[in-house]
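In: Got a sequence here, can you model it:
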Amino acid sequence: MGNPVMSKDQFERAVQFMKETARPLEQAWFAYEFDGGSAGDVMRELAVYQNADGGFGNALEPDVRVAASSALATTVALQQLSRLKADSSSPLVSGAIRYLLNTYNTTQQAGWDIVPSEVESAPRAPWWNYNAAHDGWGNPAVEIVGFFYEYSDIVPAELLDQLTQHAITYINETSSRKDFHELLCCLRFAELVRESVLREVKPALDEMVNNCVTTDPSQWNGYCLTPIQVAESPNSIYYSQLSRSALLYLEHLLSKQQEDGSWAPTWSWGQFEEVWPQAEREWKSVLTLEALRRLKAYGIVSS
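Out: Residues are numbered from 1 along each chain as shown. Now for the predicted structure:
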């Protein structure tokens, strides 16, 4: 089957949304990726979300409104810094890694609280209530280990070796292999570790992809892991496996563009109703940028 087609009107409406309505951070990303903008502008906007402890918070992840730093928001920031190919000389990177090193808890099964207890003092999605008993080491710890690889020049080598072995054991022996948030963390880990580590976990990752990616079009209107979240471009290692469903999903994605040019979240909080509209607008920024990235990666729009 051929690639779907994004009309000129659809693209122009998306551009207008990104330039006029999106959050300043996503506006900077859009300018950088589609309109000749600078990486420095993205870094300056991302710095708005960094705290004195080096971590990130302040609603960088729109469903978590607390100002305090969290492992969740800090990994979101590191995803963006990695995309920019920022190195450890950046205060954004060094601060984030310092925060994660300082908050690693050797007595806690999960290694890190994904969100801090302070989250209870601010508006949030109900799935981000604080749970001191959180034991899902795969999310976010596995992803954090990947970032420790990327910035290994500022991470103690002994700790990195220890955490790498823990990650391998978790993925191969402990993970249910059915949680798609965990799969996304594992895929980011796999992109950043050395080849020998990737070989050790690849069979388990393959099983997780089979279990977690939703390829049934009738389920795409709900909250699920879509084919293009795993096969992000035709260069993805999972593209050959997911190519047909990825192209079908891109057709679905184009059909879901809103009148204002954005793509909207498929979820809501059901609480803090006075704050949700702001979070929804911010998610529209994030999701519209992500939609345009995927459409660009598949050659459906050009920068």
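
In: Could you pull up the contacting residues of Leu160?
Out: Leu160 makes contact with Val145, Phe148, Tyr149, Ser152, according to C-beta atoms under 8 Å, 6 or more residues apart in numbering. Yep, even glycine has a C-beta here, placed from its N, CA and C like the rest.

In: Surely the first one touches Phe189?
Out: Put plainly, it is Val145. Yes. Val145 is in contact with Phe189 according to C-beta atoms under 8 Å; the separation is 6.0 Å.

In: which residues are common contacts for the two?
Out: The contact sets of Val145 and Phe189 overlap at Ala167 (C-beta under 8 Å, 6+ apart).

In: Please, a PyMOL command that selects the buried ones among the contacts of Leu160?
Out: Here is the PyMOL selection string for the buried members of those, based on 16 or more other C-beta atoms under 10 Å:
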select buried, resi 145+148+149
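
In: and which of the contacts of Leu160 is nearest Leu225?
Out: Taking C-beta to C-beta as the measure, Val145 is the one of the contacts of Leu160 closest to Leu225, at 21.1 Å.

In: The closest one belongs to a strand, doesn't it?
Out: No. If the criterion is DSSP: H, G, I helix; E, B strand; the rest coil, then Val145 is helix and not within a strand.

In: where does this protein dip in pLDDT?
Out: Low-confidence segments of the chain (pLDDT under 70): 1, 110, 132-136, 302-303.

In: In it, which residue is most central in space?
Out: Taking C-alpha atoms, centre = their mean, the centroid of the chain lies closest to Val76, which sits 5.6 Å from it.

In: Which helix or strand contains that one?
Out: Here Val76 sits within helix 71-83, counting by DSSP states H and E.

In: gap between that helix and the chain center?
Out: Chain-centre distance of helix 71-83: 7 Å, with C-alpha atoms, centre = their mean, to the nearest Å.

In: Stretch 75-85 too?
Out: Distance, stretch centre to chain centre, for stretch 75-85: 9 Å (C-alpha atoms, centre = their mean).

In: Same check on stretch 187-197?
Out: For stretch 187-197, the distance to the chain centre is 16 Å (C-alpha atoms, centre = their mean).

In: Next: stretch 77-88.
Out: The chain centre lies 12 Å from the centre of stretch 77-88; the measure is C-alpha atoms, centre = their mean.

In: Only C-alpha atoms, please: export it in CSV.
Out: C-alpha atoms of stretch 77-88 as CSV (Å, rounded to 0.1, in the frame of the first residue of the first chain):
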residue,chain,number,x,y,z
ALA,A,77,13.7,16.4,29.5
LEU,A,78,16.5,13.9,28.8
GLN,A,79,14.6,12.5,25.8
GLN,A,80,14.6,16.0,24.4
LEU,A,81,18.2,16.7,25.2
SER,A,82,19.2,13.4,23.6
ARG,A,83,17.2,14.3,20.5
LEU,A,84,19.2,17.6,20.4
LYS,A,85,22.5,15.6,20.9
ALA,A,86,23.3,17.8,23.9
ASP,A,87,26.4,16.6,25.7
SER,A,88,27.2,16.6,29.4
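
In: For it, list every residue counted as buried.
Out: Neighbour-count burial for stretch 77-88 flags Ala77, Leu78, Gln80, Leu81, Ser82, Leu84, Ala86, Ser88 (criterion: 16+ other C-beta under 10 Å).
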